[in-house]
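Engineer: return a 3D structure for these sequence lines:
(4 chains)
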Number of protein chains: 2
Amino acid sequence: MSGTEKPSRKHQLETIATRLFKEKGYTASSMRDLANEVGIEAASLYSHIKSKEEILRNICFRMADQFFAAIDVIESKPIESMAEKLERFIVAHTEVITRDTEATLVFINEWKHLSEPFYSNFVDQRHRYESRFIEVLRTGIDRKEFLPIDEKFVVLTILSSLNWIPNWYKPEGKMSPKEIGQQLSRMLIDGIKSDSRQ
Amino acid sequence: MSGTEKPSRKHQLETIATRLFKEKGYTASSMRDLANEVGIEAASLYSHIKSKEEILRNICFRMADQFFAAIDVIESKPIESMAEKLERFIVAHTEVITRDTEATLVFINEWKHLSEPFYSNFVDQRHRYESRFIEVLRTGIDRKEFLPIDEKFVVLTILSSLNWIPNWYKPEGKMSPKEIGQQLSRMLIDGIKSDSRQ
DNA sequence: CCTACCGATCGGTAGG
DNA sequence: CCTACCGATCGGTAGG
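Structural biologist: Below is the predicted model:
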């Protein structure tokens, strides 16, 4: 007997839910919307998932894991300068974002609808992620590689620029994810002024 | 007889609604939430407002008007360089944002719940606003003042950084709105690298 | 600004 | 995966 769940159905539900949450927002997306798109009755969704929020949780924490994994890889590599490390962080973040822009947008815009303890857990993870960037900035400032600008301010500027990318990124566009990350990194590090180039 | 509406009550409703929409999101905020906070019955709200969406419309389009007004002022002033004009645009935008961070966050995060034709109108206005920034960048690039970087990319980076400010800005903080705008502007124009300073 | 109320829709469960 | 259904809540109206 087939006692095993079909994982593909659950995966399909989450993919479609991600699109709905992104387009209409989590609260405005109903389970009946989701059921209609999948082609089953709303009640039938619950043989695959426990609750609406479970879907949101899976999206948010899967993305969080990917962001951490991407910068963890960089830590184990030899690095010349903090400028290089910062660029690698930015490129890594861009690559995660562009791999699934819809899930990223849900991650960015809908996390506030998580209930406790997931809400606090999420906020905490985000702080720790930001700290990883801040540390790079701080080290670069200590080494006189960067100007003594407020690190938090710089990191928030970087991350907000990065997190806007899923709003316009198209896979068929001119720039690859890596190029986008590099361009952003260069712009922030060197500026846009023509006589400021090293 | 007092045939005139009390405008202060309506204003109070919009202020509280703004806070609710910002905290819980537009869809997750109910008219009963709003009524409770104000201390009246939900049905009584409708003697002051036409609908829930009317409140959202007022918030979104009032903010849009303020953003345009702020940069319109700059056009009529003498300007030395495009770097200076860009800085003034950025400072002006920062000042509008910091004047009412809650309304700004609703403006940024909840506009997608506007119904037609307001939705299209809003999207259109945002495009026109972005174009004003793009024009400054383009002129600066033509004059060799800026590096020949993709203007749209730069403007989206600038605006996304600016639009993140209401998430952390506190009036009692170290930097004034003007200083925040100037620092952001300087960072984007000159970069954060120590040997890139003019 | 209130009472009384509307039809629609919500997330989710029982029991197959 | 379905039928049948639950209590709760939604935005909003009628009529004072």
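Engineer: show me what the helix or strand hosting A:Leu156 is packed against.
Structural biologist: A:Leu156 belongs to helix A:151-164 when assigned by DSSP states H and E. Contact partners of helix A:151-164 among helices and strands, from 3 or more C-beta pairs under 8 Å, 6 or more residues apart in numbering or on different chains; DSSP states H and E: helix A:82-99, helix A:118-142, helix A:177-190, helix B:151-164, helix B:177-190. For the C-beta atoms, the positions are set from N, CA and C on the backbone; glycine is no exception.
Engineer: taking helix B:177-190 as reference, get the angle to it.
Structural biologist: 70 degrees (axes from the mean of the first three to the mean of the last three C-alpha atoms, to 10 degrees).
Engineer: any idea of the mean pLDDT for helix A:151-164?
Structural biologist: Mean per-residue pLDDT for helix A:151-164: 96.
Engineer: and if you look at stretch A:43-59?
Structural biologist: 97.
Engineer: tell me the residues of chain A that contact DNA strand D?
Structural biologist: A:9, A:40-41, A:43-44, A:47-48 (C-beta under 7 Å from any atom of the strand).
Engineer: quick one: end-to-end length of stretch A:161-171, please.
Structural biologist: 18 Å (C-alpha to C-alpha, to the nearest Å).
Engineer: quick one on the thing from earlier: among the residues of chain A next to DNA strand D, name the buried ones.
Structural biologist: Buried by 16 or more other C-beta atoms under 10 Å in any protein chain shown: A:His48, out of the residues of chain A next to DNA strand D.
Engineer: returning to that earlier point: now distance to B:Ser115 and mean neighbour count too, for the helices and strands packed on helix A:151-164, in CSV please.
Structural biologist: Shown next, in CSV, are the helices and strands packed on helix A:151-164 (distance: least, C-beta to C-beta, whole Å; neighbours: other C-beta atoms under 10 Å in any protein chain shown):
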stretch, distance to B:Ser115, mean neighbour count
helix A:82-99, 30, 21
helix A:118-142, 30, 16
helix A:177-190, 34, 19
helix B:151-164, 23, 20
helix B:177-190, 33, 20
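Engineer: next, format the ones you listed as JSON lines and append distance to DNA strand C.
Structural biologist: Listed next are those as JSON lines, based on distance: least, C-beta to the nearest atom of the strand, whole Å:
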{"stretch": "helix A:82-99", "distance to DNA strand C": "27"}
{"stretch": "helix A:118-142", "distance to DNA strand C": "13"}
{"stretch": "helix A:177-190", "distance to DNA strand C": "33"}
{"stretch": "helix B:151-164", "distance to DNA strand C": "28"}
{"stretch": "helix B:177-190", "distance to DNA strand C": "34"}
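Engineer: in the residues of chain A next to DNA strand D, find the pair that's most separated.
Structural biologist: Greatest spacing in the residues of chain A next to DNA strand D, by C-beta to C-beta: A:Arg9 and A:Ala43 (14.9 Å).
Engineer: and A:Met63, that's in a helix?
Structural biologist: Yes: assessed by DSSP: H, G, I helix; E, B strand; the rest coil, A:Met63 belongs to a helix.
Engineer: can you count the residues close to it?
Structural biologist: Residues near A:Met63, counting by other C-beta atoms under 10 Å in any protein chain shown, number 21.
Engineer: cool, and A:Leu56?
Structural biologist: Neighbour tally, A:Leu56, other C-beta under 10 Å: 24.
Engineer: surely it touches A:His113?
Structural biologist: Yes: A:Leu56 is within contact range of A:His113, at 6.3 Å (criterion: C-beta atoms under 8 Å).
Engineer: overlap of the contact sets of these two?
Structural biologist: A:Tyr26 (C-beta atoms under 8 Å, 6 or more residues apart in numbering or on different chains).
Engineer: residues in contact with A:Val91?
Structural biologist: A:177-178, A:181-182, A:185.
Engineer: angle of the helix holding A:Leu156 against helix A:118-142?
Structural biologist: Using the same axes, to 10 degrees: helix A:151-164 against helix A:118-142 is 120 degrees.
Engineer: run the chain-centre distance for helix A:151-164.
Structural biologist: With C-alpha atoms, centre = their mean, to the nearest Å as the basis, helix A:151-164 stands 13 Å off its chain's centre.
Engineer: where in chain A is pLDDT low?
Structural biologist: Chain A contains residues with pLDDT under 70 at A:1-7, A:194-198.
Engineer: got the residues of it near chain B?
Structural biologist: When proximity is defined by C-beta under 8 Å from any C-beta of the partner chain, chain A lies next to chain B at A:24-25, A:27-28, A:83, A:109, A:112-113, A:144-147, A:149-150, A:153-154, A:156-157, A:159-161, A:163-164, A:168, A:183-184, A:187-198.
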